[in-house]
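Asker: build me a structure from this.
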Amino acid sequence: MTLSFDEIRTVAVVGAGTMGRGIAQLAAMAGFQTLLYDVEAAALERATAAIQKALEKGRQRGKVSPQQIEQVGKLLRTTTDIEALQADFIVEAVIEDPDVKKAVFEKLEAINRPETIITSNTSSIPISALSRGLRRPERFGGMHFFNPPHIMKLVEVVRGAHTAASTVQVITRMAEAMGKTPIAVKDAPGFVVNRVARHFYLEALRLLEEGVADVPTIDGLMENVGFRMGPFRLMDLIGVDTNHSVTTSMFRAFFYEDRFRPSRIQQQYVDAGLHGRKSGRGFYTYE
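Answerer: Residues are numbered from 1 along each chain as shown. You can find the predicted model right below:
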């Protein structure tokens, strides 16, 4: 039997990267006892500092109250012990690799009670594929946030082939409790947003490969026609490596259709460790 939304008291987030720490912040702000996990203690330290910075910035802008900051301090804990990840509701936010994710889900199922709902923040891997091999796939679904999760309003709620309707309802209510706008989407590579947005990045990269224009020019043109960020600035924010990983995943999922072919230039940046803002340099240089 799946837990109802009213029975959710504890939330665990797996992975303390940009997405994971933002999701953990949202869960604590929504009043849930929250546990943020990562294999590296240094990653948890960076996540804690980033959450504090985000909360302070929100306070300065009048978006976050002092009471909310105090609440996050009381409700949010971190751990490097995966055995501690016992919760009512779990969000996985590790790298976009199906084998890594499946190993995480198998472990989570083993240490949690049958009623626990497990979700994935995957941005491109079909939920049905990730649920294969799980003992309780009906309690597994997609909960895809967008970067940065504490600011972006949309959450894609993805129902896999085995996901129960009651699980979808709980995921939807959780998104609403976190102040998000959930949309129900069917299970497909990239779901809706990433499938549409993929070509925003890929066509920009092809223009760069062909020498049609340079990075600042392409970004400037797109921003001047109404986009808040050009494709290269956005890739740097998301993470050049993360963006490339999603493209590669979708390329495979669509049986290597050329329209989803990853960029050689982006691969070079990934290989060189130029991952965007988080590494200090991507398509642009950051302090």
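Asker: give me the number of residues near Val13?
Answerer: 31 (other Cβ atoms under 10 Å). C-betas here are computed from N, CA, C, even on glycine.
Asker: and the gap between it and Arg77?
Answerer: Val13 sits 11 Å away from Arg77, going by Cβ to Cβ, to the nearest Å.
Asker: mind checking the SS state of Val158?
Answerer: strand (DSSP: H, G, I helix; E, B strand; the rest coil).
Asker: so it makes contact with Ile125?
Answerer: No. When contacts are counted by Cβ atoms under 8 Å, Val158 is not listed as touching Ile125 (10.1 Å).
Asker: these two - which one has more neighbours?
Answerer: Under the criterion of other Cβ under 10 Å, the comparison of Val158 against Ile125 puts Val158 first, with 27 against 24.
Asker: contacts for whichever helix in the chain runs longest?
Answerer: Longest helix in the chain by number of residues (criterion: DSSP state H): helix 41-60. With contacts defined as Cβ atoms under 8 Å, 6 or more residues apart in numbering, helix 41-60 is touched by 16-18, 20-22, 24-25, 36, 38, 64-66, 68-69, 72, 76, 78-80, 148, 150.
Asker: and the helix or strand just after it, what's its mean pLDDT?
Answerer: With elements assigned by DSSP states H and E, the helix or strand that comes after helix 41-60 is helix 66-75. For helix 66-75, mean pLDDT rounds to 94.
Asker: ok, and what's touching helix 66-75?
Answerer: Here helix 66-75 makes contact (Cβ under 8 Å, 6+ apart) with 25, 28-29, 31-34, 51, 55-56, 59.
Asker: those into CSV, with extra columns for distance to Gly230?
Answerer: Converted to CSV, the contacts of helix 66-75 look like this (distance: Cβ to Cβ, whole Å):
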residue, distance to Gly230
Gln25, 27
Ala28, 33
Met29, 31
Gly31, 37
Phe32, 36
Gln33, 40
Thr34, 34
Ile51, 28
Leu55, 28
Glu56, 28
Arg59, 30
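Asker: name the member of those with the most neighbours.
Answerer: Neighbour-wise, the contacts of helix 66-75 (other Cβ under 10 Å) top out at Gln25, 28 neighbours.
Asker: so that one sits against Phe145, correct?
Answerer: No. The criterion here is Cβ under 8 Å, and Gln25 misses it with Phe145 at 11.1 Å.
Asker: and for the two, which residues touch both?
Answerer: By Cβ under 8 Å, 6+ apart, no residue touches both Gln25 and Phe145.
Asker: which residues in this structure form helices?
Answerer: Using DSSP H, helices in the chain cover 18-29, 41-60, 66-75, 98-111, 127-131, 165-177, 193-209, 215-224, 231-238, 240-253, 264-271.
Asker: give the buried residues for the third one.
Answerer: When you say that, I think you mean helix 66-75. 68-69, 72, 75 (16 or more other Cβ atoms under 10 Å).
Asker: for that helix, list the C-alpha coordinates in CSV.
Answerer: This file holds the C-alpha atoms of helix 66-75, laid out as CSV (Å, rounded to 0.1, in the frame of the first residue of the first chain):
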residue,chain,number,x,y,z
PRO,A,66,13.9,34.5,8.6
GLN,A,67,11.5,31.9,10.0
GLN,A,68,11.9,29.8,6.9
ILE,A,69,15.7,30.0,7.2
GLU,A,70,15.5,28.9,10.8
GLN,A,71,13.2,26.0,9.8
VAL,A,72,15.6,24.7,7.1
GLY,A,73,18.4,24.8,9.8
LYS,A,74,16.3,22.6,12.1
LEU,A,75,14.9,20.2,9.5
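Asker: that one vs helix 18-29, what angle?
Answerer: 110 degrees (axes from the mean of the first three to the mean of the last three Cα atoms, to 10 degrees).
Asker: and helix 66-75 with helix 41-60, angle?
Answerer: Here the directions of helix 66-75 and helix 41-60 differ by 160 degrees (the same axes, to 10 degrees).
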